[in-house]
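Asker: Based on what follows, work out the 3D shape:
(2 chains)
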Amino acid sequence: MATDSASKVRRWRRQRLVGTCAAVFLGLVLLLAAWGKALNPVAFVEQIRFEGLDFFGLAAPIAFLALALEIAIGMALLLGIRRLWVLIPAALLVAFFLFLTGRTYWRFSQGLLAETDACGCFGNLFVRTPAQAFWQDLGLLGLPMVLAFVGRPKPGGGPFPVVRTTLVGLVTVAGLLFAWKAPELPLDDLATRLKPGVEVGELCAGSKASDSRICLDALLTELETGRHRVVISNLDEPVFLDGVEHLNELVYDGSDAGVWVLSGAPPEEVTAFGWTWAPTFEVREVPVALLRPLFRRLPRSFVIEDGRVTHTFDGLPPAVANPAGDV
Amino acid sequence: MNEQIWRINFDKGLRLAMLSLALAGLLAAPAWSQGGPAKALTDFQPVTYRFEVAGRPLADAEVYQSRSTGSMLILAGELEAPVLIRLREGRVETVNLMKVDKKPDGSVTLLPDPTLASLGSYRLTSDRTGVGFDLNGQEAVLREKPHLLGNQKLESMQAYSLEYVRGAAAYTPSIPVLAKLRSQTEDVQVLVFFGSWCSACKQMVPRIMKVDEQLDGSKVQIDYYGLPQGRAFSADTKASAMGIKSVPTGVVFLNGREIGRINGNGWKIPELAINNVLVKAQG
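Answerer: This is a model prediction of the structure:
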């Protein structure tokens, strides 16, 4: 009898440990995903629109609400709050994420969607194919979610965790404030795939296994050698239009660095821009799927030397201080 | 007395200085009214555009573009004088032919102090693909050439666009890979679906055109198929029958049977992409 009871306790402890570990893991994954979104909330709002979740046109409030839920649930799980009022919303959130990535995967497999249109729950910071997004989410979210239910405290057991719940609330508010201010913070290198040290051949759309994968070095072979200043912008961006004259002058500033503008604008818009502004620099159309993960706000620019990014700038590139020197 | 002489000389000098200043001002006025001294109109490179007068294309029109000055120059036998379009200033002018200096490399420079006669301003065409202006009472339009559609051969591609020719000249295919392709004993055909409106095609198609030149006389045949822009793209029967969703796409056939496609990064070294498809199919 005593042995039975002891083995039950051991089993209960094991279950509790498994459940706690799974919940902590799930909490960390949710917080990491929330971090990716909070760094670039504009892209998350666009994603909400793309997924058709902008009910009543309220994409931004819905994005911030989803972010709040993700932070709160992630934080609660990390702090070991495994009450049903945490686990049930967590399960609903996980189910919702799996529905989204599953739907994208299905659309892609039916040829209704390009591979590069999907990015999953981590925002634009990570490169994932639709299949990767679904299976990774199933493994990283689904399995720990199920396990988090194992060995959970009995309903009504123990006092309400006031301190931990308060901490969850504070972190959630702090996370939302950070996301709100993030676009103005100098975090572009952290929040995007474009940062010093990256090679031009690593700036791609599509997975490595895909035949349709396209990288910037294939579209602009000129960037592989020499020094270039590259601007990413829409052609109707006011800051960019105000700086056309500055870019025109950069082309003839005495340095041997080329000036390029990359835009996702359609061909007719590029043609009209050429007639209207007669730029000295070249405008190249680049697939939006390749450009989108490279910026948070437009215009964004970078310097590339022999195929490697050396500097990034919020806005247009500055003039060269001395033709032979650094930017 | 001396003071009087000094005063007379001073007055004369002052008048002379004022007269010189006024004269200099008059001479400089046209330049200043155009926003400072005119920038030298040099480095006009040949470009592929169509020039129409009263709705009729001028077959012998040569169009040049100077990126540095934001100008276009049109030469044609039917024109009384070459036409200069200054895009940044919004002006159209004629230039005296004697000042047009054609260089051996095909570029054009305007010699110093050309006589420019104003034709007024230009406007963007309604479809935004070109500019229109008044040429001695007739409507003149400079715009991009109509898109290249349907089946094409290397020669028609070269004839269509100088950009293609320049891009092909700048590309150096891999000699060992070309040798492998030349040693093919079976019939290989590569059908390149492209759009003359598509920017990526302007970068990538010239590379395969160079490969095409180098494989002349081999069993590898390269053909081109131009697709229209926009909705007409998906309405093209050949493209939709072959499931072409984006351009450029190269379809590789071995003895008439499709064995693979060239997409995305494959266009960086097209000869290698063709060879890879063949190696996969032939084992």
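
Asker: Look up how far residue B:174 lies from residue A:85.
Answerer: Residue A:85 sits 64 Å away from residue B:174, going by CB to CB, to the nearest Å. Just so you know, the C-beta spots here come from the backbone N, C-alpha and C atoms, and that holds for glycine as well.

Asker: likewise residue B:156?
Answerer: Distance of residue B:156 to residue B:174, given as CB to CB: 26 Å.

Asker: now residue B:187
Answerer: 22 Å.

Asker: cool, and residue B:58?
Answerer: Taking CB to CB, one finds residue B:58 at 42 Å from residue B:174.

Asker: between the two, who's got more neighbours?
Answerer: residue B:58 (17 against 14; other CB atoms under 10 Å in any protein chain shown).

Asker: how close does the nearest residue to the more buried one once chain neighbours are set aside get to chain A?
Answerer: Distances taken as CB to CB, 6 or more residues apart in numbering or on different chains place residue B:76 nearest to residue B:58, at 4.6 Å, with adjacent residues excluded. The spacing between residue B:76 and chain A, counted by CB to the nearest CB, to the nearest Å, is 20 Å.

Asker: Around residue B:76, how many other residues sit close by?
Answerer: 16.

Asker: tell me, how many neighbours does the residue of the stretch 151-283 of chain B found nearest chain A end up with?
Answerer: Residue nearest to chain A within the stretch 151-283 of chain B (CB to the nearest CB): residue B:199, separated by 3.7 Å. Using other CB under 10 Å, the number of residues around residue B:199 comes to 19.

Asker: Kindly report the same for residue A:21.
Answerer: Neighbourhood size, residue A:21 [other CB under 10 Å]: 13.

Asker: residues touching it, list them.
Answerer: With contact set as CB atoms under 8 Å, 6 or more residues apart in numbering or on different chains, residue A:21 has these partners: residue A:147.

Asker: give me the low-pLDDT residue ranges for the stretch 1-150 of chain A?
Answerer: By pLDDT under 70, the low-scoring segments of the stretch 1-150 of chain A are A:1-3, A:113-127.

Asker: picking up where we left off before, what separates the residue nearest to residue B:58 from residue A:19, distance-wise?
Answerer: Distance, residue B:76 to residue A:19, using CB to CB: 83 Å.

Asker: For the stretch 1-150 of chain B, just list every one of the strands.
Answerer: B:45-47, B:49-53, B:56-57, B:62-66, B:71-75, B:83-86, B:91-95, B:100-102, B:108-110, B:116-121, B:123-124, B:130-135, B:138-144, B:150-152 (DSSP state E, counting those that start in this stretch).

Asker: likewise the stretch 201-327 of chain A?
Answerer: Ranges of strands in the stretch 201-327 of chain A, per DSSP E, counting those that start in this stretch, are A:204-205, A:214-215, A:227-232, A:258-263, A:282-285, A:300-305, A:308-314.

Asker: Determine which of those strands approaches residue B:222 most closely.
Answerer: Residue B:222 lies closest, by CB to CB, to one member of the strands of the stretch 201-327 of chain A: strand A:214-215, at 21.2 Å.

Asker: Give me the sheet partners of the closest one and which way each runs.
Answerer: Using DSSP bridges, strand A:214-215 pairs in its sheet with strand A:204-205 (antiparallel).

Asker: List of residues touching the partner strand?
Answerer: A:116, A:127, A:213-216, A:287, A:289-290, B:265.

Asker: any chance of the residues you listed in JSON lines, with distance to residue A:253 and neighbour count too?
Answerer: What follows is these, written out as JSON lines (distance: CB to CB, whole Å; neighbours: other CB atoms under 10 Å in any protein chain shown):
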{"residue": "A:116", "distance to residue A:253": "35", "neighbour count": "24"}
{"residue": "A:127", "distance to residue A:253": "35", "neighbour count": "18"}
{"residue": "A:213", "distance to residue A:253": "35", "neighbour count": "20"}
{"residue": "A:214", "distance to residue A:253": "31", "neighbour count": "25"}
{"residue": "A:215", "distance to residue A:253": "29", "neighbour count": "19"}
{"residue": "A:216", "distance to residue A:253": "24", "neighbour count": "26"}
{"residue": "A:287", "distance to residue A:253": "30", "neighbour count": "17"}
{"residue": "A:289", "distance to residue A:253": "33", "neighbour count": "18"}
{"residue": "A:290", "distance to residue A:253": "28", "neighbour count": "21"}
{"residue": "B:265", "distance to residue A:253": "33", "neighbour count": "20"}
